[in-house]
Every structure is written in C-alpha cells, then in structure tokens.
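[1] Next come a sequence and a model predicted from it.
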Amino acid sequence: MAFREDFVWGAASSAYQTEGFPRADGSGDSIWDAFCRQPGAIANGEDGSVACDGYHRFAEDIGLLASLGLSAYRFSTSWARIDPNGDGHWNESGLRYYDRVVDCCLANGVTPWMTLYHWELPQALEEKDGWQNSETAAAFSRFAAMMAAHFEGRVSHFITLNEPQIVLKLGYADGIHAPGKRLSLPELVSCWKNLMLAHGLSFRAIRKAAPEALIGIASTGKLCYPHSPADEDAARQETFRLTDSDWMFTHAIVLDAVCLGRAEPEAGALRKLLSEVTPEEWDTMHAVPDFIGVNSYNGSEIAAGPDGAPVYLPRPQGFACTALKWPITPEIMEYGYAFLYERYQLPLYVTECGLSCNDHIFLDGQVHDADRIDFLHRYLLALYRGCERADIRGFFHWSLTDNFEWHSGYAERFGLIYVDYPTQKRILKDSARWYAQTVRENGKNLQRLISAAQTH
C-alpha cells in the first residue's frame, strides 16, 4: 500500500500557540492576550507570552521539520502582530518576521502553507464587537489582500480561516476560549455570518492579489462512522445534520455555505434566522475553495434505528482514549472523508490530526511515546482506505512541537517534538522518527509493520 505519489506530508502549528512575545517589535494585543489576563481563564494562570519562543527559534523548528523529510509546514500568521489596531496600518517589523519564516521554509525545501486566521483577532477589533461586527469581515479581507500580495510567488497555499466552528462554539457560545463570551442564538448566527463573509471576501482578495495561489479553508466538526455497512446512510445523514442544539460543531454549517451557497437546518429557530440571510450575503459567502482542509481527531459511531433514523451508540467501558480523554476513532478517516468528498467534490487535506499524550523525558534522555505511534498508525491506515473513495492529497500532523494548548495551558502535549519549557530545549520524540519513516516510504510501511508484529 502507498498514498498517491504527490501526497503532501507535513506538520502544523499556530502563531499564538508557538511564537510567544506577542507584543514584540510593535505588535498589538490579540484576543488571546486579553483573555489570558482574565483570572481563571487558563489552567494554572498560564499564557502565550513565551510559549515555544518560536519568534526567536523558528529556524530550529523548521530545520527539525525538514530533517524528518516533511515537505510542507502549515503555520498561521498573527493578524494582531501585523495589523495591531486592525485598521490597515501595517507593522512592518511583524511582517518581516513572517518574511523570515517563509524564507526559512523555502531555504529548507519546505513548502509554506499559510493560515491567515487561527483565532488571533486583534483585540482592538474585539473592542468594536469582533465577529459580531460585519466590519471585521472587511478588515480581514484587507489583511488577506495585503498578505497575498506581499507573499505572491513565495507562498502558494493560503488557508483563510481555521475552524470557524470552534471560534463560534468555544469563543462566543461556551466562553472557554477567547474572547470568552456567551451569546444568544441570534448573536451567534450574526458571528457565523460575518465569519463566512470574511472567507468569501478574503478568498476573492487573495485570488486577485495572487492568482496562481491555491486557497482553502480548514473546517472541523462531527464526523460519524457506521456500526455496520447497513448503517452507512444513517452515519452520512448524521454527519451533516443541523439542528438548533447541534449546529456549531458541524462541517455543514461552514462548508455548505462556502461550497454550496446555502445551509439548510431542520425546522427551528436556526432555520428561521438563516432564512433572513440575504441572497447577496449568500453569494458573497459562496466562494468555493480550491481545497478543503479537515481537522480530524475523533467521531461518533452511528447505527440506523428501526425507522432508519441515526442512533448514537454508546462507547463501551474502557474505550480507548487520549490523555485529553478524547476517544480514539480511526474510522472517521475512512468514512468521514468519504462523506465529505461525496458532498463537496473537492480535494481534501488532513490539516490537523494528532493526540495529546502524557509525554515526559525518560531516564535515557529520550521521549518514548508509543501511544502516539499507535494512534498515527491506526489513523493513517484508515486514511489510506479512505483514499479509495475520496480525493485525499495530504496529511499534516498536529502539531510540530508541543505548545500552548489554549485554555488547557501547557498541560497537554501534542507535538512530534518535545519542548522542555524551562530551557526551551527540543527533543525529537519516537513518534517523530516513526513519522519520518512513514513519510520516506509514503505509507508503504504501515501494513508491513502490522504483518511483522503479528509474526512475533
């Protein structure tokens, strides 16, 4: 077995989680800087003021990525670092930092995949109501246009938004992410609309400024898989279902809008609110990306009830889970991606996939993370099966390094590279070497490793 010959193997990170020094060289506050200052917002009172010191150590990290044989690095740019007040008065020092990051990628033979919004909204715009304000979408489009023009010819892949679903649900509904709000349904729909308008406007701005670049969006949400082949229709139906109580953490609420120019919830308040979106707004949102990024961690097993309706199956006692207690469900890489491709007919990339482990430095000075290796092995085998039914073109491990894990602070470790935060020393984990082998062989080793284990 092997993936397509031009399959993209990479790793991913985000600005606030890795860079640190958010106010360096004229940068402005982001909503995460402000949120971290709120008592009790982040575990142990931690913040991203230093993080992995990527602001100074990016060359080391990109060098390690290249040493693993990875061909692509997905990273985000901090809007607040470049546009401190969100008003288009660019901070040239912040822009030069990303010049150095991009040039370092290219010098190492690594293709930069630039995400323009991974939640680093300038605090100055949040003080004007953030994503509740339609002017934020226009401001983001202005930022995207400048970035695309500046990096034309050096950056060939742009991602407009990362996980608008999480911005909505955790940031504006549940209040556990920045900016920490708990809005009503009509207010949340307003935020959703402005995020979707931001994609549409920025997509057109990037296309105009860098016509040769490929433009995507990174989506997340529930992915379902069938209990048996007879349950596949039920799993597909549940994957894309939109209800008043379950709409924010779905792929459909984002991808239907940008790919199909519509969203069709079941009867309820949400359906009524979406009916108030104007045809002109739907047309603006409807900016079909060149590819869809899918951030995939876990999903739900579905059976068909007596009437064919989807039924969630409870997880058995002792079900395998990660250090974050997220369930381990590799089946989503086969069925979930097939469902997404059937619906949208666009190339798919795994723009995030990984797990938090209880990693530590062993007595031999190394980091042995067998759980991560097993997780990746299972998910990549399932992804390979998914390639039989979907156009899947790449895999980005989340994340390249351990980093600041949002409201969990530094308690969770997702990286291929261990970061000893007191010293900022980097240590390649066992999983990094395993992943490098898989990259070298383009997945041919995956089935062979299982066969070898079964003979012992």
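    Yep, that arrived. As the structure is a computational prediction, the values presented were derived from the model and not from experiment.

[2] alpha carbons only for contacts and neighbour counts from here, please
    Fine.

[3] helix/strand/coil for the closest residue to residue 262 other than its chain neighbours?
    With sequence-adjacent residues excluded and distances taken as C-alpha to C-alpha, 6 or more residues apart in numbering, residue 262 is closest to residue 256, at 5.8 Å. Here residue 256 is helix, with the state taken from DSSP: H, G, I helix; E, B strand; the rest coil.

[4] gap between residue 256 and residue 344?
    8 Å (C-alpha to C-alpha, to the nearest Å).

[5] Which residues are in contact with each of these two?
    Shared contacts of residue 256 and residue 344, defined by C-alpha atoms under 8 Å, 6 or more residues apart in numbering, are absent.

[6] Look at these two and report which has more neighbours.
    residue 256 (19 against 16; other C-alpha atoms under 10 Å).

[7] rewinding a little: how much space between the residue nearest to residue 262 and residue 54?
    On the measure of C-alpha to C-alpha, residue 256 and residue 54 end up 35 Å apart.

[8] Equivalent analysis for residue 29, please.
    17 Å.

[9] out of these two, which sits in the busier spot?
    Neighbour tally, residue 29 and residue 54, criterion other C-alpha under 10 Å: the higher count belongs to residue 54, 23 against 20.

[10] can you pull the contacts of residue 275?
    Here residue 275 is in contact with no residue (C-alpha under 8 Å, 6+ apart).

[11] how close does it get to residue 248?
    Distance from residue 275 to residue 248, by C-alpha to C-alpha: 17 Å.

[12] Next: residue 152.
    34 Å.

[13] Just want to know which of these two has more residues nearby.
    A count of neighbours by other C-alpha under 10 Å puts residue 248 above the other of residue 152 and residue 248, at 26 against 16.

[14] that's a helix at the more buried one, yeah?
    No - counting by three-state DSSP, residue 248 falls outside a helix, being coil.

[15] can you give me the end-to-end distance of stretch 246-256?
    15 Å.

[16] any idea how far residue 379 is from residue 4?
    In terms of C-alpha to C-alpha, residue 4 sits 17 Å off from residue 379.

[17] the more surrounded of those two?
    residue 379 (23 against 15).

[18] List phi and psi for the spatially closest residue to that one that is not a sequence neighbour.
    Nearest-residue entry for residue 379: residue 330, 4.6 Å, with adjacent residues in sequence omitted and distances by C-alpha to C-alpha, 6+ apart. Main-chain torsions, residue 330, degrees, to the nearest 10: phi -60, psi -20.

[19] now swap in residue 333 and tell me
    phi -70, psi -20.

[20] same thing with residue 418?
    phi -80, psi 130.

[21] who touches residue 413 in this structure?
    355-359, 402-403, 405.
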